[in-house]
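Chemist: Structure of the sequence below:
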Amino acid sequence: MSADTQAASYILEQRMMPSLVSKLRLAMIAGALFVAAMAFIFPLLTGDNDPLVSGVFLGVAVLDLGLAVALPSVLTRSPPLTRYALYAARLDIVQGNPAAASARVLASIPYAQITGVEDAADTLAEKDRAAGFAAIALIFREHQPALAVMPYYDRKSPPRLILRGLKNDENPYARIKDMVEKNKSS
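Modeler: Residues are numbered from 1 along each chain as shown. Take a look at the predicted model:
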């Protein structure tokens, strides 16, 4: 994972937010309706009244509708894919469990590169805030090439990364701000 074997002092997990689940479900239902409509439009376009083709379209639409009901709830219960491991002098963005050997560090950010931490709850939907989710913006001194592929990374001046989908009993904003401030003072 990293050069040292130090254990993370705190781990934040990125979870699937209710607004994303709603968007996924809506997109899958719209897709099912489109495929079902194709079962009736296809014979009109081609002039071929083959019930097998229409049946296949309707079967795919029913399968898509079934997945629209089941898949989002499965995704919300699945283990988080991205975790943020806070160490004494750095923040690691890890894919998988940081304690596992199979974990993959996507980026390691020294706290010295972070100039500020802001609460970014205004970037979340009301539904997500009501469910207890938080968003935190990390502001950097300079562009971080390792973060360029991350969603919610903004290269504008000053560059910032928004950590979204954080849900913990303890306030993650206070924890990250405390870790960054401790590192600045030492």
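Chemist: Going by C-alpha atoms from here, please, whenever you check contacts or count neighbours.
Modeler: OK.
Chemist: ok, the nearest residue to residue 167 once chain neighbours are set aside - contacts?
Modeler: Once flanking residues are discounted, residue 167 sits nearest to residue 133: 4.8 Å by C-alpha to C-alpha, 6 or more residues apart in numbering. Contacts for residue 133 were tallied using C-alpha atoms under 8 Å, 6 or more residues apart in numbering; they are 17, 164-168.
Chemist: Quick one: the residues you listed as TSV, columns for neighbour count, pLDDT and distance to residue 106 too.
Modeler: Shown next, in TSV, are the contacts of residue 133 (neighbours: other C-alpha atoms under 10 Å; pLDDT from 0 to 100; distance: C-alpha to C-alpha, whole Å):
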residue	neighbour count	pLDDT	distance to residue 106
17	22	87	21
164	22	87	16
165	23	85	17
166	21	86	18
167	21	79	21
168	15	66	22
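Chemist: Buried residues, the longest helix seen in the chain. List them.
Modeler: Ranked by residue count, the top helix of the chain under DSSP state H comes out as helix 18-46. By neighbour count on 16 or more other C-alpha atoms under 10 Å, the buried set for helix 18-46 is 18, 21, 25, 28-33, 35-36, 38-39, 42.
Chemist: can you tell me how far the residue lying farthest from the centre of the chain sits from residue 41?
Modeler: For the chain, the largest distance from the centre (C-alpha atoms, centre = their mean) belongs to residue 47, which lies 45.3 Å off. According to C-alpha to C-alpha, to the nearest Å, residue 47 and residue 41 sit 10 Å apart.
Chemist: repeat for residue 160
Modeler: Separation of residue 160 from residue 41 (C-alpha to C-alpha): 48 Å.
Chemist: Model confidence for the closest residue to residue 67 other than its chain neighbours, exactly?
Modeler: Leaving aside its chain neighbours, residue 67 sits nearest to residue 28 (7.7 Å; criterion: C-alpha to C-alpha, 6+ apart). At residue 28, the model reports a pLDDT of 93.
Chemist: check contacts around residue 28.
Modeler: 64-65, 67-68.
Chemist: what's the neighbour count on residue 77?
Modeler: Here the count is done by other C-alpha atoms under 10 Å, and residue 77 has 10 residues near it.
Chemist: mind listing what it touches?
Modeler: No contacts exist for residue 77 under C-alpha under 8 Å, 6+ apart.
Chemist: low pLDDT regions in the protein?
Modeler: For the chain, residues meeting the criterion pLDDT under 70 lie at 1-5, 98-99, 168-170, 185-186.
Chemist: Quick one: the helices in it, in order.
Modeler: Assigned by DSSP H, the helices in the chain fall at 18-46, 51-77, 126-130, 172-185.
Chemist: now for these, which one comes closest to residue 97?
Modeler: The closest of these to residue 97 is helix 51-77. By C-alpha to C-alpha, the value is 15.7 Å.
Chemist: Next up, the contacts around the residue nearest to residue 142 when sequence neighbours are not counted.
Modeler: Leaving aside its sequence neighbours, residue 142 sits nearest to residue 159 (C-alpha to C-alpha, 6+ apart; 6.5 Å). Applying C-alpha under 8 Å, 6+ apart, we find residue 159 in contact with 139-144, 153.
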